[in-house]
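Chemist: predicted coordinates and the sequence they were generated for:
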Amino acid sequence: MDNAALKERILGLVPDAEFLENKQFLTFVIPPAKMHDLALKLKFETDLAFDYLFCLSGVDMVNYLEVVYHLESTTQKHQLVLKVRTADRENGSVDTVCDIWRTAELHEREVYDLLGVKFNNHPDLRRFFLEEGWIGHPLRKDYVDEVNIVEF
Amino acid sequence: MKEIINLPVKNVEEEEYHINMGPQHPSTHGVLRLVVSLQGEIVKNLKPHCGYIHRGIEKMCEKDTYPQIIHLTDRMDYLSAHINNHAVCLLVENALEVEVPERVKYIRTIVDELNRIASHQLWWCSFGMDLGGLTCYFYGLRDREKILDIFEESFGSRLLHSYYIPGGLMMDIHPNFQQRVKDFIKYFRKKIKDYDKILSGNIIMHERTRGVGVLSKEDAISYGVTGPSGRASGFSCDVRKHHPYGVYEKADFKEILGTAGDTLTRYNMRMLEMRESMKIIEQLIDNIPAGDHAAKMKAVIKLPAGEYYQRVEAARGELGVYVVSDGNKSPYRMKFRSPNFSNLSALDHMSRGCKIADLVAIGGSLDYVIPDIDR
């Protein structure tokens, strides 16, 4: 499916998705409550068939935390980027997609560890790199560590 | 008559217990800890514990300029250092729409493939050793040394080269480079037959790997298992074919695909891939065009605000670099989608129901490099 048709299709599924201009990929911001439903449709509807989640990242945009999903279909050969935003820095949460794309399980643990986004219904949401009891989430912009981070 | 005393011994077959494999276990090839739940000798499930070598490379990138970041990427998957460099260079060049000279593209492609062979050679040594064949280690390292010598002569270092810079190469290749690469290919074509004689047809190796750790195509895609490990399951995921970069389009090579998805197939994928890499190098090595070794770039590299993503085929699978730029000389956020990280996520699924000795074989066939997982 080409990008124009894909755009229509996504907007048909989630009318309040926000379209973002991006040269490389077709990009949408999806309301957190609708992400899981959309993800199911994206993977299992045959004309979409997004079976390969090739990257899942978290970004701290200061006003909100963002989870970015890079998706590809190995059969239809199209690509898509979805973003989910949460403004609540303390208890912000997003539904997990690791029941749909299994690779998300470790990626979501990494995002939780380093950015502090919680994932609802995740089977094993613990820190991945840092030890239990670590204070703060290092990839946040307001993270302070006077010992390990040296400012020049 | 002697009385027989029955000691109250529990049947260990019925009891589930946990053991730690690593962080200092030789078969994990680095500081990875796997907490394995066992019933008798059968693996029930396993949980990876990472972070022993987490250096916070993504956080460091937020303070560094793009040319500096290149030096950090070497330290992720140090066995495919050139290819990691390539990912960042391509990202910067595509974002700034810089056209690099043809010569650079040729040299980068050749060096990437040499790097892939060197990496697979080291994998072959350690895989053989994991299965108890110590001879492999000496054979593999002996031949890898030849590639490292070529690297040392041309780029000044053997492991962490940082040879690519945004816009081109740090310096031109050494005058001996082409001849030495050709000599190496001639040499290695003979030697790879020895590899097959020692291990590929070995009945003990076959018994230990055939049908072990099977990963179906659907699972490989769902877990994001890429590279030779994913292709062994039939997942066509070669970035060199699907999203070509460098001069891969000009070279005639096959994407090696398997069907069985077991440990033996993953082994065969890499053995065949080394031959394909040699084929690519042979086609390109005599055709390196003359010209500059770097395009003109601004002294301070700033990416326009926006998002960029670049994928390359590293030795272990698809490496992705995701950059959010706010227009400054350092990225606002830099994320590395490392192939080993995703490959590791499938280890639990693959090893369930296997014997604990099979876990060593499966781990060896996934060929993970821990600094790339932890970053």
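Modeler: Great, that's in hand.

Chemist: after the longest helix seen in chain B, which helix or strand is next? Please name it.
Modeler: When chain B is scanned for its longest helix (criterion: DSSP state H), the result is helix B:102-130. Read in the C-terminal direction, the helix or strand following helix B:102-130 is helix B:134-155, with elements assigned using DSSP states H and E.

Chemist: for that next one, packing partners?
Modeler: Helix B:134-155 makes packing contacts with helix B:102-130, helix B:177-195 when contacts are defined by 3 or more C-beta pairs under 8 Å, 6 or more residues apart in numbering or on different chains; DSSP states H and E. In this view, the C-beta of every residue, glycine as well, is placed from N, C-alpha and C.

Chemist: among these, which is nearest chain A?
Modeler: Proximity to chain A (C-beta to the nearest C-beta) singles out helix B:102-130 among these, at 20.0 Å.

Chemist: direction included, what does the helix or strand containing A:Leu71 pair against?
Modeler: When elements are assigned from DSSP H and E, A:Leu71 belongs to strand A:65-72. Each strand that strand A:65-72 pairs with, and the sense of that pairing, follows from DSSP bridges: strand A:52-60 (antiparallel), strand A:79-86 (antiparallel).

Chemist: identify the residues contacting it?
Modeler: Around strand A:65-72, the neighbours that count as contacts under C-beta atoms under 8 Å, 6 or more residues apart in numbering or on different chains are A:25, A:39, A:42, A:50, A:52-60, A:78-87, A:89, A:92, A:94, A:97, A:111, A:115-117, B:309, B:320, B:322, B:337.

Chemist: what residues does chain B put near chain A?
Modeler: If contact is defined as C-beta under 8 Å from any C-beta of the partner chain, the residues of chain B in contact with chain A are B:47-48, B:50-51, B:54, B:56, B:58-59, B:63, B:218-219, B:221-224, B:235-237, B:306-309, B:311, B:318, B:320, B:322, B:324, B:332-333, B:335, B:337, B:341-342, B:344-346, B:349, B:374.

Chemist: buried ones among these?
Modeler: For the residues of chain B next to chain A, a burial check counting by 16 or more other C-beta atoms under 10 Å in any protein chain shown picks out B:48, B:50-51, B:54, B:56, B:58-59, B:219, B:221-224, B:235, B:237, B:307-309, B:311, B:318, B:320, B:322, B:324, B:332-333, B:335, B:337, B:341-342, B:344-346, B:349, B:374.

Chemist: return the subset of these lying in strands.
Modeler: Of the positions in those, B:Pro48, B:Glu307, B:Tyr308, B:Tyr309, B:Arg311, B:Glu318, B:Gly320, B:Tyr322, B:Val324, B:Arg333, B:Lys335, B:Arg337 sit in strands, assigned by DSSP state E.

Chemist: the second one contacts A:Cys55, doesn't it?
Modeler: No - the pair B:Glu307 and A:Cys55 does not pass the contact test of C-beta atoms under 8 Å, sitting 11.5 Å apart.

Chemist: name the residues contacting each of the two.
Modeler: Both B:Glu307 and A:Cys55 are in contact with B:Tyr322, where contact means C-beta under 8 Å, 6+ apart.

Chemist: show me which residues of stretch B:36-56 are buried.
Modeler: B:Val36, B:Leu38, B:Val43, B:Leu46, B:Pro48, B:His49, B:Cys50, B:Gly51, B:Tyr52, B:Ile53, B:His54, B:Gly56.

Chemist: so the second one: helix, strand or coil?
Modeler: So the one you mean is B:Leu38. Look at B:Leu38: counting by DSSP: H, G, I helix; E, B strand; the rest coil, its state is strand.

Chemist: hey, what's it bridged with?
Modeler: On DSSP bridges, the residues paired with B:Leu38 through beta bridges are B:Tyr17, B:Val43.

Chemist: with that, I have no additional questions.
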